[in-house]
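> mind looking at a prediction? Sequence and model below.
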Amino acid sequence: MVDLDPLIHEFYRDRYVEDDRLIRSGHGRLEFVRTQELLRRWLPPASDVLDVGGATGIHARWLAEDGHRVTLVDPVVEHVEQAATVRTFSAEVGDARRLRQADASVDVTLLLGPLYHLVEASDRAQALSEARRVTRPGGLVIAAGINRYGGLIEAGSNGYLSPENLHLFTEPFASGRNDGKSGFTVAYFHHADELAAELTTAGLTDVEVLGVEGPAANILQNTPPDSVDSLLPSAVLLARQVESDPNLISAGFHFLAHGRR
C-alpha cells in the first residue's frame, strides 16, 4: 500500500502530464537535456538503475536505450500502467520510503521527484535511507530538488506575479512547504546546501549539488515554441558553465545532487 497525498495523486493523474512538459515547453526541454547530460556524466556504463518516482518513464526510456537495466518505481498506478507499455524496462508500483528491492541490489538509485513531494523531513530522510540501502557499495544515489526561489522567479518572469498573490510564492521561503495554491501541487522546496546536507546525513559521501537549468530557464519558459531550437544550445552551455557557481546555482528551477554509497 502506497501512502500518497491525495492532492498529489490527483495532480499527476488528472492535471499534469510530465512527458509533455519535458518535451514541449522551452523550460522543460532545457531541464530534460541538462538532466540527460548530468546523468550521462555520472552513470557508469550498463548500470542497474532503480528509477524511484519515475512517473511514466520519461527518463527510464532513454536510460534503457543507453544500455542500462532499469526498474521504474512510482506510487501513481496510472503512471506505472503507462510505463509498463514501453517494455524496455520494468515498472512497478512502490513507495520511495519502503522499497521492496534487496539490500545492495542496484548500481544507481534515482530520486528525481520523491524528495520534493515528501514535505516531512523524516519522510525525505527515510527515502534517502532506502535509496542508500538498495544501492551497492560504491554506487550512486542521485536526487532532484526544486529550488525554493523557483516559483517566485517563474511567476515574476511570466507576468503572473502581483501584489495580491505575492504571498503564495514568499510564504514557502520560511518553511520550504508549498501548499498547492500557487499552481503546483503539495511539495517541499530546497535550498542547495540543505539538499546536500540531507544526502550527507543519510550517509552518502562525495556529495555534490549542481544547478540544472541555469539562468536562461525563464527565457525559454516564455519563448514561443518555434524559437526554442535557436535558443536551447546557448542556454545549455550557460547552464553548464555556472552549474556549480554558488552565486548562480539558484537561478534555475531545479537542483540535481549526487552522493556515493
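Arrived safely. This structure is a prediction, so every number in the text was calculated from the model and none was measured.

> ok, which stretches of the stretch 51-200 of the chain are helices?
58-65, 77-84, 121-134, 150-157, 166-170, 172-175, 192-201 (DSSP state H, counting those that start in this stretch).

> next, the distance between the ends of stretch 142-154.
25 Å (CA to CA, to the nearest Å).

> re the thing from before, so which of the helices of the stretch 51-200 of the chain gets nearest Phe255?
Between Phe255 and the helices of the stretch 51-200 of the chain, the shortest separation by CB to CB is 5.4 Å, and it involves helix 192-201. Every residue, glycine included, has its C-beta placed from N, CA and C.

> ok, so what distance separates the nearest residue to Leu210 once chain neighbours are set aside from Leu38?
The shortest distance from Leu210 to any non-neighbouring residue, by CB to CB, 6 or more residues apart in numbering, is to Glu243 (4.3 Å). Distance of Glu243 to Leu38, given as CB to CB, to the nearest Å: 8 Å.

> how about His254?
11 Å.

> tell me, what's touching those two both at once?
Common contacts of His254 and Leu38 (CB atoms under 8 Å, 6 or more residues apart in numbering): Val212.

> which residues touch the residue nearest to Leu210?
Here Glu243 is in contact with Leu210, Gly211, Val212, Gly214, Ile249 (CB under 8 Å, 6+ apart).

> go through the lengthiest helix in the chain and flag the buried ones.
Longest among the helix segments of the chain by residue count, using DSSP state H, is helix 26-42. For helix 26-42, burial by neighbour count (16 or more other CB atoms under 10 Å) applies to 26-35, 37-39.

> now swap in stretch 180-189 and tell me
Across stretch 180-189, burial judged by 16+ other CB under 10 Å covers Gly180, Ser182, Phe184, Thr185, Val186, Ala187, Tyr188, Phe189.

> quick one: end-to-end distance for that stretch.
Per CA to CA, the first residue of stretch 180-189 is 12 Å away from its last.

> off-centre distance for it?
In terms of CA atoms, centre = their mean, to the nearest Å, the centre of stretch 180-189 is set 14 Å apart from its chain centre.

> so what's the residue count around the closest residue in space to Thr201 that isn't next to it in sequence?
Once flanking residues are discounted, Thr201 sits nearest to Ala125: 6.9 Å by CB to CB, 6+ apart. Ala125: 15 surrounding residues under other CB atoms under 10 Å.

> and for the one 4 residues further on?
If you count neighbours by other CB under 10 Å, Ser129 ends up with 13.

> list the residues that contact the residue nearest to it when sequence neighbours are not counted.
Distances taken as CB to CB, 6+ apart put Ala202 closest to Ser129, at 5.7 Å, once the chain neighbours are dropped. Ala202 sits next to Ala125, Leu128, Ser129, Ala131, Arg132, Val141, Gly259 when contact means CB under 8 Å, 6+ apart.

> returning to what we had before: make TSV out of the buried residues of helix 26-42 and add pLDDT and distance to Asn222.
Shown next, in TSV, are the buried residues of helix 26-42 (pLDDT from 0 to 100; distance: CB to CB, whole Å):
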residue	pLDDT	distance to Asn222
Gly26	86	8
His27	86	9
Gly28	90	13
Arg29	93	13
Leu30	95	12
Glu31	95	15
Phe32	96	18
Val33	97	18
Arg34	97	18
Thr35	98	21
Glu37	98	23
Leu38	98	24
Leu39	98	27
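
> adding distance to Ser90, write those residues out as a markdown table.
What follows is the buried residues of helix 26-42, written out as a markdown table (distance: CB to CB, whole Å):
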| residue | distance to Ser90 |
| --- | --- |
| Gly26 | 32 |
| His27 | 30 |
| Gly28 | 26 |
| Arg29 | 27 |
| Leu30 | 29 |
| Glu31 | 25 |
| Phe32 | 22 |
| Val33 | 26 |
| Arg34 | 26 |
| Thr35 | 21 |
| Glu37 | 25 |
| Leu38 | 24 |
| Leu39 | 19 |
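
> on that earlier part again, mutual contacts of Glu243 and Leu38, please.
In terms of CB under 8 Å, 6+ apart, Glu243 and Leu38 are both contacted by the residues Leu210, Val212.

> circling back to that earlier point, now the longest helix of the chain against helix 150-157, angle please.
140 degrees (axes from the mean of the first three to the mean of the last three CA atoms, to 10 degrees).
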